[in-house]
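# From the sequence below, what's the structure:
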Amino acid sequence: MELIVISAPDVVANEAPIINRLFGAGLQRLHLRKPGWDIGRCIDLITQIDRAYHHAIVCHQHHQLVKIFGMEYLHYTENDRIKSDQSKLSSLVNDGYRLSTSIHDIGAIPGLLRFEYAFLSPVFSSISKPGYRSILPADFCLDKSIPSPKVFALGGVNESNLEQIKEMNFDGAAVLGAIWQDPEQAVSNFIKIKQVTEELNS
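Coordinates of the predicted model:
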């Protein structure tokens, strides 16, 4: 099981130092999702993150950031993916970019072959979005017999339900609220979640 962290959507005090510490604690991939930010604010934040970690940052907005900072990952929201020209997505993959996307319906999975992985949400009732409730039955299990990208569970993920996520056959988990609800505890919360993930992988 893999573990991904998604940034808080809003301003976080000392965010860049926290992100550097998350990477230092073993974070492998950070999704930079700042829907209300212009490109200048995103550049300011990324510039404060250690250059050694830039390759592990995934852009949700302002995809031109990948060329500015030498990144390789691009994320497409569900709406952006639906609107995108399929030949453009294929061209990006051919150019060496690695694509991810978001889905809210398992029926979308077979159409995602250009994408390396997808977030399915909400798997559990969201921590960061009150009222955003699980879309899956309690006995859900992902069918891995059909060709598909990796699928990560998103929504309400914390250390207490990682074992259930593994039993549901997900390839990994993406965490947001469990990390950023209390930014001062972000790194220690990440370490707890990472430890559980490692135990499940052993």
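
# just the strands in this structure please.
For the chain, applying DSSP state E gives strands covering 2-6, 30-32, 57-59, 73-76, 98-103, 117-120, 150-154, 172-175.

# Give me the neighbour count for Arg51.
10 (other CB atoms under 10 Å). To be clear about C-beta, it is placed using only N, CA and C from the backbone, and glycine gets the same treatment.

# re the thing from before, adding distance to Asn14 and mean neighbour count, write the strands of the chain out as JSON lines.
Shown next, in JSON lines, are the strands of the chain (distance: least, CB to CB, whole Å; neighbours: other CB atoms under 10 Å):
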{"stretch": "strand 2-6", "distance to Asn14": "16", "mean neighbour count": "21"}
{"stretch": "strand 30-32", "distance to Asn14": "15", "mean neighbour count": "20"}
{"stretch": "strand 57-59", "distance to Asn14": "17", "mean neighbour count": "22"}
{"stretch": "strand 73-76", "distance to Asn14": "24", "mean neighbour count": "22"}
{"stretch": "strand 98-103", "distance to Asn14": "27", "mean neighbour count": "21"}
{"stretch": "strand 117-120", "distance to Asn14": "26", "mean neighbour count": "24"}
{"stretch": "strand 150-154", "distance to Asn14": "25", "mean neighbour count": "23"}
{"stretch": "strand 172-175", "distance to Asn14": "19", "mean neighbour count": "25"}
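
# Adding mean pLDDT, write those out as CSV.
Formatted as CSV, the entries for the strands of the chain read as follows, by pLDDT from 0 to 100:
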stretch, mean pLDDT
strand 2-6, 98
strand 30-32, 98
strand 57-59, 97
strand 73-76, 97
strand 98-103, 97
strand 117-120, 97
strand 150-154, 96
strand 172-175, 98
